[in-house]
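Q: Predicted coordinates and the sequence they were generated for:
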Amino acid sequence: MSDTPDRLLTPAEVARMFHVDPKTVARWALAGKLTSFRTIGGHRRFREAEILAHIASTQQTKES
C-alpha cells in the first residue's frame, strides 16, 4: 500500500474529467455508477484513483 493518501476530487473536478455537468456526476454516484462518500460537512467526494480507472476502462471499451 502507498504511503500517500489517495487524492479526493470534488464533483466539479470529476465533471471536468468526463466533460459533463456536476449534477450528472451526482446522479451517477446515486445510481452506483461511481463510488463516492460524504465529508463531515456533507459534501460528496470521489477517490482520484477510482475515477482514473473508470475513465481508462471506458476508453478501453470505446476502442474495442
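A: The structure has been received and is ready for your questions.

Q: Work out which residue lies at the spatial centre of the protein.
A: residue 51 (4.1 Å; CA atoms, centre = their mean).

Q: Next, work out how far apart it and residue 17 are.
A: With distances taken as CB to CB, to the nearest Å, residue 51 is found 6 Å from residue 17. Where C-beta positions appear, they are placed from N, C-alpha and C, glycine not excepted.

Q: Follow the chain on from the top strand by length along the chain and name the next helix or strand.
A: Longest strand in the chain, counting residues (DSSP state E): strand 44-47. Using DSSP states H and E, the helix or strand that follows strand 44-47 towards the C-terminus is helix 48-63.

Q: Tell me which helix or strand in this structure has the weakest average pLDDT.
A: When the helices and strands of the chain are scored by mean pLDDT, DSSP states H and E, helix 48-63 comes last with a mean of 86.

Q: thinking the residue nearest to the centre of the chain is in contact with residue 34, fair?
A: Yes. Using CB atoms under 8 Å, residue 51 makes contact with residue 34 at a distance of 7.2 Å.

Q: Check the contact lists of those two and give me the overlap.
A: Residues touching both residue 51 and residue 34 (CB atoms under 8 Å, 6 or more residues apart in numbering): residue 14.

Q: Any chance you could list what contacts the longest strand of the chain?
A: 6-11, 13-14, 25-26, 29, 34-39.
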